[in-house]
Structures are given as structure tokens and as C-alpha cells.
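Engineer: Here is a sequence together with a model predicted from it:
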Amino acid sequence: MKFDKNLNKIEKEDKKTNQDNKNPDSKPIAKRRLFAPKKNNDVVISVVIPLLNEEESIPELALQLEKELNDMSKGRWEVIFIDDGSTDSSWDYIKQLNQRNHRFRAVRFRRNYGKSAALSVGFSLAKGKLVATMDADLQDDPGELKNLAAKIKEGFDLVTGWKKVRRDPISKTLPSKFFNYVTSVTSGIRLHDFNCGLKMYRSEVVKSLQVYGEMHRYLPALAHWDGFRVAEIPVKHHARRYGKSKFGLSRFLKGFLDLLTVLFTTRYFKRPMHFFGFFGSIFMIVGFVINAYLTVEWAFGRTFLSNRPLTLFGVALIIVGVQLFSTGLIGELIIKNNYEKIKNYSVKEYL
């Protein structure tokens, strides 16, 4: 099988770097059988990896992760693969990895639900004090995990990677730059790369985030709005070696729509009048000014209101403004009536 050939290759590479056979962690990966720590608090770092049809990448990625995580946490780690409905042999590969090393855990979806769903399940299962995410296509470098952890130790709650030198075609890089710029301006947090798969969180961050739809693109913004400290560091990015990207052009439209959802469900969820009232007031003021000007013109006999399309435009602005203002007011009444049900604040600590 192709998997067995990959394991043989990995075993040869592993033998070169591990000579001390007295240490159980120095045995080749193909012969190793380790068991995950029994206590949740024994896990220092969890790595959550969503994947879809990445059979060629999994063995090599597992080897790289094992070496890096053993160096970082001395065996106190876990890797959680989330198979998002793969139709190739990815699950078979993961099962064989799990048989050799029980620190490699996995969840298999019956069908493709998307990256946000995969991350949500992975976050709920993660036991580590630190939780990292990365893609399974070997474009993210596991060697960057220690750099993310070092930044976390500086006092940050979430550290996201920045693919400063990106090994992707311009059809992906150019729209991505526009997306990141718009998201930075809209969200109020300045980052170069919101959608980088390589991130690290403190455990309390992932347990508080609600990830659904395409919200994985906005996790730094969601964490920032919840009061967590967010940082960004440059990370290595490799060209894709196997297969092809699973995301098409539709991701940009979905991402924009989800950005609007994020704004409404976070920034304005508990204060709808700030959004609807603001735009409603502007529309009403502009419409009033237009109609006041036309009324003066009519009073001095300089124009007939029925002949001026601007009259209808001014009236339409006032009507739309009143409707928006009313929507904001109704939203405020609903919020006030259900205040105790929706009250949900991010508390850092208690004394």
C-alpha cells in the first residue's frame, strides 16, 4: 500500500535522528505505540487539524509534528485530526497512526461540513492548556509552533500566523489581501492574515468561541471583541506538494456575508439602535434637508415639486430612515425584555 511505503520512508528518516533505543520516544514511528495521558491537565498542547482528502500529506505531517511536540512538551501533547468527509484513504492512514501512537486522535464526519464545524468539534475535544490549529496540506510548518508558544508566553491569549511570504498563486493572494484589509478596517483589529490556518490559543479562548458557518476566518476578531489579547507573527509558508486546494472562489462571497453576520451578532447584538439608529438618523436628516430646500424653492415660486425627482428621493430617504430607526428601537425593546437570557460576558478572573 502507498501508506506502508510512506511509513517505511518515515521510519528511515526517524532512525537517523533517534539513536537512543533506551528512550521509548526514540523508536521509529512505525513501531511506536504510545498512549495519551490519562488526565486532562497532563496535556500541555493540543493541535487540531481539519482535513479533507489529504492522504499523501498525513504520514509526513505526523512525523514532523511528533518531533516538534516531543521537543516542546516532552510527550505531553495530542493531535486531533478532524476528517471532514474525506473520500480518499485519509481515514485509513489516521487509524494506522492512532494504532502506533495514541496521542494521535481523530474524529470522522459522515459528510463534509466545512472547516468551522471541524474546528468547533476539535476545540471541544482539546485537553491542552494551549490549543494550536494548522492545515494538513504541509503548507503550514510545524516548526513554527514553538514560536507561537513563545509569543503566548509574553501574555497574549491568541497568536495568529502571518504568511508574509506566501507560496500561493496570485488568484489566491490578491483577493486575500483585499479580504484582510476590509476585515481589519471593519473589525477594528489590524492583522495582515486573518485566515492563516496556523494559530495558537490559550484553552479558555477556544472554549468561549462559537465557531459555525465560515466563522473560522474571523476567530482573531471574535477573540478581540471578547477582550482577549491577540498578536500576529510571521510564519513560514510552503508551496502545496500534494493535491489541490479545497476552497473555491465562492469562499470570498461566503466570507463577506459571514463578516456581516459577525458584526451584527457581536458588536451590535446588545445595542441594535447603535447600528440601525445611526443610519436611520442619517437618512432622515439628508431627506429632511433635501425636502426643506425644495420647499423653500417652491415657496418662492422657483420650482414645481411635482416636476422634481429629487422630491421623491428626499421623501424616500425619510421613509427609509424612519423604518431603520424603528427597527433599532424594536430591537432595543427585545434586548431589554430578554436581557437576563442573553446576558453573556467574558470574565477574565474572579477573586
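Structural biologist: Arrived safely, thanks for sending.
Engineer: Tell me how far S89 lies from L294.
Structural biologist: S89 sits 72 Å away from L294 when distances are taken as CB to CB, to the nearest Å. C-betas here are computed from N, CA, C, even on glycine.
Engineer: Correction: the previous question concerned W77.
Structural biologist: 71 Å.
Engineer: If you count surrounding residues, which of these two has more?
Structural biologist: More crowded of W77 and L294, by other CB atoms under 10 Å: W77, with 26 against 19.
Engineer: What score does that one have for pLDDT?
Structural biologist: pLDDT, W77: 96.
Engineer: Let me know how buried the nearest residue to it once chain neighbours are set aside is, in neighbour terms.
Structural biologist: Excluding the flanking residues, the one nearest W77 by CB to CB, 6 or more residues apart in numbering is L69, at 4.0 Å. Using other CB under 10 Å, L69 is surrounded by 24 other residues.
Engineer: What values do phi and psi take at R229?
Structural biologist: phi -80, psi 130 (degrees, to the nearest 10).
Engineer: was I right about it contacting T160?
Structural biologist: No - assessed by CB atoms under 8 Å, R229 is found out of contact with T160, at 11.9 Å.
Engineer: isn't there a strand covering I189?
Structural biologist: No - using DSSP: H, G, I helix; E, B strand; the rest coil, the secondary structure at I189 is coil, not a strand.
Engineer: Who are the contact partners of it?
Structural biologist: Residues counted as contacts of I189 (CB atoms under 8 Å, 6 or more residues apart in numbering) are 220-221, 224, 230.
Engineer: State the pLDDT value of it.
Structural biologist: As summarised for this prediction, I189 has a pLDDT of 87.
Engineer: How about the secondary structure of the residue nearest the centre of the chain?
Structural biologist: Nearest residue to the geometric centre of the chain (CA atoms, centre = their mean): H216, 2.6 Å. Of the three states, H216 takes helix according to three-state DSSP.
Engineer: Likewise for T186?
Structural biologist: helix.
Engineer: How many residues are close by it?
Structural biologist: Neighbour tally, T186, other CB under 10 Å: 15.
Engineer: any idea how far it is from N195?
Structural biologist: Distance from T186 to N195, by CB to CB: 14 Å.
Engineer: picking up where we left off before, which of R229 and T160 has more neighbours?
Structural biologist: Shown here are R229 and T160; by other CB under 10 Å, T160 has more neighbours (27 against 15).
Engineer: A helix includes that one, no?
Structural biologist: No - T160: not assigned to a helix; according to three-state DSSP it is strand.
Engineer: got the contact list for the closest residue to it other than its chain neighbours?
Structural biologist: In this structure, T160 finds its nearest non-sequential neighbour in K199, 4.7 Å apart by CB to CB, 6+ apart. With contacts taken as CB under 8 Å, 6+ apart, K199 has the following neighbours: 132-134, 148, 158-161, 219-220.
Engineer: Most widely separated two among the residues you listed?
Structural biologist: M134 and P220 (15.3 Å; CB to CB).
Engineer: what about R105, is that helix, strand or coil?
Structural biologist: When classified by three-state DSSP, R105 comes out as strand.
Engineer: which residues pair with the residue nearest to it when sequence neighbours are not counted across the strands?
Structural biologist: Distances taken as CB to CB, 6+ apart put I80 closest to R105, at 4.9 Å, once the chain neighbours are dropped. Beta-bridge partners recorded for I80 (DSSP bridges): V48, R105.
Engineer: quick revisit: my read: the residue nearest to the centre of the chain touches A117, true?
Structural biologist: No - judged on CB under 8 Å, H216 makes no contact with A117 at a distance of 9.2 Å.
Engineer: name the element the spatially most distant residue from the centre of the chain belongs to?
Structural biologist: Farthest-out residue of the chain from its mean C-alpha position, per CA atoms, centre = their mean: G301, at 61.3 Å. Under DSSP states H and E, no helix or strand contains G301.
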